[in-house]
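# Model the structure of this input:
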Amino acid sequence: MRTGHRKTSIPSFLPTSGALVPFWRLAALTAVLLFSEVHAGSVRLEFVHELDGRPLRVPGIRGSSSLEVTRLDYLLTGLALRRADGTWVEAAADWAAFVGSEAGRFSAQADGLPAGKYNMARFRVGVGRTLNAADPNQIAPGHALHPEVNKLHWGWQGGYVFLALEGRSGADAFSYHVATDANAMMVELPVEFDGTQPVTVRIALDVERILAGVSPARDGNSTHSRAGDPLAARLKKNIEGAFRVVGVKADTFQEIAAPRAVAKMPGTPLALEISQRLPRVELPADNPPTVEGVALGRRLFHDTRLSRNNQQSCASCHSQPFAFSDARTVSAGAEGQQGRRNSMPLFNLAWAQAFFWDGRAKTLREQVLKPIEDPSEMDAKLDDVLAKLRADADYPHEFAAAFGGEITSERLAMSLEQFLLTLVSQDSKFDRAARKLTTLTAEEQRGLQLFVTEHDPARGLRGADCFHCHGGNLFTSGTFANNGLAPSKDEGRFEATKDESDRGKFKVPSLRNVAATAPYMHDGRFATLEEVIEHYDHGVQRTGTLDPNLAKHPAVGLGLSADDKRALVAFLKTLTDENFIAPTKTETAQTK
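Modelled structure (predicted):
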């Protein structure tokens, strides 16, 4: 940040919702000057990522230099614009933006810019010290700094990753995460525009400049910006010089989003108890849980009449003692027909952004109806199911109480959605230890240390490296990854997207209650946690879409000792929420 420049500010109006549309502030101006600047504009920053001089699409696009980028995400704060007279106009203190290639987020906006001529833009790549040390779980849902929006917070380790760049350079995988207060980056870019009108500033970020002078083979294939890491310092300097303005337009352009209905539910509002240690959550605005809706959804979840032959309910494959998963390798259908995937556990679904192992359902409401008509599962027709529900003595009254109307497929989905949203797991031994209600044993603490420690022998780090995909208090990144399983006919995420870069990728499950959800992986190939750890220790298969955080490990594996493996299992067992998996009366007596 430049020093010696004059800076002015006025009181700013800060939105309580955390939306990224703060007003601008100037300092110590009189009311007269304030009212002279009522003609305010908007500035929108649009980012384009470049590789080999061409726009970069992530993941899976390779440049002519044999460089492939699978992730490029970063945070921006501290936006300021310099006037022609040398004074700086700063955005409100809570202005922030998340730019994420895979998430499709490439823009940021601020409104209320005072009129005038501007010739320089400045922003921080990263966050300030105070914000970096704050509790991210208190940030409003949807805000750029919410950990479930950006996936760039270290969770209970503390602090944000300011910029994450992952991929491959030739045969070498790399995972570069620039973080810590010492590595916050300031970028200043010459740009001229008139703030009287809305303006869009297009900014390019050159990936090759970020990696200039960096060789994974020579300099190391990972960094998490620990003190004294020369690679992090080099990347910081490169990133600061990798941005440039490539265009200015006198307009701003909207992002089209589907309108959301305002809920007017006839039922009794149900207040969910969700720990502040979990990220703040946003429930469906058009289907907030109610006492009546949740009770109806619970009954339907256990009702075998949702299947064609009245023999299978949702609970048949999602049993509470197994954290609402299935103890079978792969689930069986209503007539005993064998499926091809293991049933995923059902909890903390309010934070999920895609459903099924391949993510083919974008919402929970969409997901709940698919198994009913799937020939390999309940094998029913929705019209037939609705007819059976309408013929029941109680269901018509229960639907009316919950939704104010008759039985429909949409209301069937909404009731199941309401029930599933209440399945929140947050009271494991690990959680109680965090609340100082109990303590972990020495072995469990050792397992936790291994869990959160990078495996980077070149820097003397020999951890289990689990936290990349299973960090934070949800213990999942919520994304899709190829975790090195032997290739099979099931191609995972690719089947839903037809994107070659998704071949062999599956949804990353939460490790909460993992001791209760055996067998493991999408096809149930591993029977025990010990087998899972053996896979990650030395069984990872290297394919073209293998996650960089696994591909960067030595070919011989992690080399965990027998004591290390036992400690990891001990820690993973602390994630079991005994109250959550305790069977209820409804679980043991399904509705007929």
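# The nearest residue to residue 135 once chain neighbours are set aside and residue 438: what is the separation?
Closest residue to residue 135 apart from its sequence neighbours, by C-beta to C-beta, 6 or more residues apart in numbering: residue 276 at 7.8 Å. In this view, the C-beta of every residue, glycine as well, is placed from N, C-alpha and C. Here residue 276 is placed at a distance of 19 Å from residue 438 (C-beta to C-beta, to the nearest Å).
# And for residue 68?
45 Å.
# Looking at the two now, which is surrounded by more residues?
residue 68 (22 against 12; other C-beta atoms under 10 Å).
# Can you name every helix or strand that the helix or strand hosting the more buried one contacts?
Following DSSP states H and E, the helix or strand that holds residue 68 is strand 67-83. If contacts are counted by 3 or more C-beta pairs under 8 Å, 6 or more residues apart in numbering; DSSP states H and E, strand 67-83 sits against strand 40-51, strand 61-62, strand 88-91, strand 96-100, strand 107-114, strand 117-125, strand 161-169, helix 207-210.
# what inclination does it have with respect to strand 40-51?
Interaxial angle of strand 67-83 relative to strand 40-51 (axes from the mean of the first three to the mean of the last three C-alpha atoms, to 10 degrees): 150 degrees.
# Centre of the chain to strand 67-83, how far?
The chain centre lies 18 Å from the centre of strand 67-83; the measure is C-alpha atoms, centre = their mean, to the nearest Å.
# and what of stretch 381-399?
So, by C-alpha atoms, centre = their mean, the centroid of stretch 381-399 is 37 Å from its chain's centroid.
# I figured residue 106 hits residue 47, correct?
Yes: between residue 106 and residue 47 there is a contact at 4.9 Å, judged by C-beta atoms under 8 Å.
# Mind checking which residue lies nearest the centre of the chain?
residue 148 (4.2 Å; C-alpha atoms, centre = their mean).
# what about the residue nearest to it when sequence neighbours are not counted, how many residues close to it?
Once flanking residues are discounted, residue 148 sits nearest to residue 279: 4.8 Å by C-beta to C-beta, 6+ apart. Residue 279 has 24 neighbouring residues, counting by other C-beta under 10 Å.
# Does residue 279 belong to a helix, a strand or coil?
coil (DSSP: H, G, I helix; E, B strand; the rest coil).
# what's the distance between it and residue 165?
24 Å.
# Name the helix or strand for residue 579, please.
With DSSP H and E as the test, residue 579 turns up in helix 578-581.
# Give the buried residues for that helix.
Under the neighbour-count criterion of 16 or more other C-beta atoms under 10 Å, helix 578-581 has 580-581 buried.
# mind checking how far that helix is from the chain centre?
Chain-centre distance of helix 578-581: 25 Å, with C-alpha atoms, centre = their mean.
# Ok, stretch 437-448 next?
Its chain's C-alpha centre lies 27 Å from the corresponding centre of stretch 437-448 when counted by C-alpha atoms, centre = their mean.
# which ones are touching the residue nearest to the centre of the chain?
Counting by C-beta atoms under 8 Å, 6 or more residues apart in numbering, residue 148 touches 141, 279, 351, 353, 474, 478.
# Next: residue 41.
When contacts are counted by C-beta under 8 Å, 6+ apart, residue 41 touches 111, 113, 115, 195-199.
# now with 10 Å?
24, 110-116, 118, 193-199, 250, 252 (C-beta atoms under 10 Å, 6 or more residues apart in numbering).
# same deal with residue 570?
Counting by C-beta under 10 Å, 6+ apart, residue 570 touches 440-448, 529.
# farthest-separated two in those?
Maximum pairwise distance among these (C-beta to C-beta): 19.2 Å, between 442 and 529.
# These two: which is more packed in?
The neighbour comparison of residue 442 against residue 529 (other C-beta under 10 Å) goes to residue 529, with 20 against 10.
# was I right about that one contacting residue 521?
No: between residue 529 and residue 521 there is no contact under C-beta atoms under 10 Å: 11.9 Å.
# thinking again about what came up before, of the contacts of residue 148 - the most surrounded one?
Neighbour max across those (other C-beta under 10 Å) = residue 279, 24 neighbours.
# related to what we said a few turns ago, ok, which of the helices and strands packed on strand 67-83 comes nearest residue 300?
Closest to residue 300 of those, according to C-beta to C-beta: strand 96-100, at 36.4 Å.
# what residue ranges in the stretch 51-200 of the chain score low on pLDDT?
57-65 (pLDDT under 70).
# Quickly note the distance from residue 558 to residue 216.
Residue 558 is 18 Å from residue 216, by C-beta to C-beta.
# and what of residue 492?
Distance, residue 492 to residue 216, by C-beta to C-beta: 26 Å.
# higher neighbour count, those two?
Neighbours were counted for residue 492 and for residue 216 using other C-beta under 10 Å; residue 492 has more, 24 against 21.
# and the more buried one, what does it touch?
By C-beta under 10 Å, 6+ apart, the residues touching residue 492 are 341, 357-359, 480-482, 485, 502-507, 522, 545.
# same thing but 6 Å
358, 504-506 (C-beta atoms under 6 Å, 6 or more residues apart in numbering).
# what does residue 312 give?
By C-beta under 6 Å, 6+ apart, the contact set of residue 312 is 304, 334, 378.
# you'd agree residue 119 is up against residue 192?
Yes: look at residue 119 against residue 192 with C-beta atoms under 6 Å: they come within range, at 5.2 Å.
# Which one of those two is surrounded by more residues?
Each of residue 119 and residue 192 has its neighbours counted (other C-beta under 10 Å); residue 119 has more, 14 against 11.
# contacting residues for that one?
So residue 119 contacts 82, 84, 192 (C-beta under 6 Å, 6+ apart).
# what does residue 98 give?
Contacts of residue 98 (C-beta under 6 Å, 6+ apart): 75, 105, 144, 149-150.
# What's opposite it in the beta bridge?
residue 75 (DSSP bridges).
# So that it lines up with my notes, have the first residue be 15 from now on.
Got it, the first residue is 15 from now on, which makes the last one we talked about residue 112.
# SS state for residue 584?
Secondary structure state of residue 584, per three-state DSSP, is helix.
# show me where the stretch 465-606 of the chain has helices.
Listed in chain order, the helices of the stretch 465-606 of the chain (DSSP state H, counting those that start in this stretch) span 481-484, 508-511, 543-548, 562-565, 576-587, 592-595, 599-602.
# Let me know which of those helices is the nearest to residue 384.
helix 508-511 (11.9 Å).
# Now do the buried residues in the closest one.
Residues of helix 508-511 classed as buried by neighbour count (16+ other C-beta under 10 Å): 508, 510-511.
# now stretch 131-144
132, 134-141.
# same question, stretch 467-475
468-470.
# between the residues you listed, which is closest to residue 236?
Among the buried residues of stretch 467-475, residue 470 lies closest to residue 236 (C-beta to C-beta), at 5.5 Å.
# Just give the closest residue to that closest one, not the sequence neighbours.
Leaving aside its sequence neighbours, residue 470 sits nearest to residue 236 (C-beta to C-beta, 6+ apart; 5.5 Å).
# circling back: residue 120 and residue 61: which has the busier surroundings?
residue 61 (20 against 17).
# quick revisit: for residue 226, find the nearest of the helices of the stretch 465-606 of the chain.
With respect to residue 226, and counting by C-beta to C-beta, the nearest of the helices of the stretch 465-606 of the chain is helix 562-565 at 19.6 Å.
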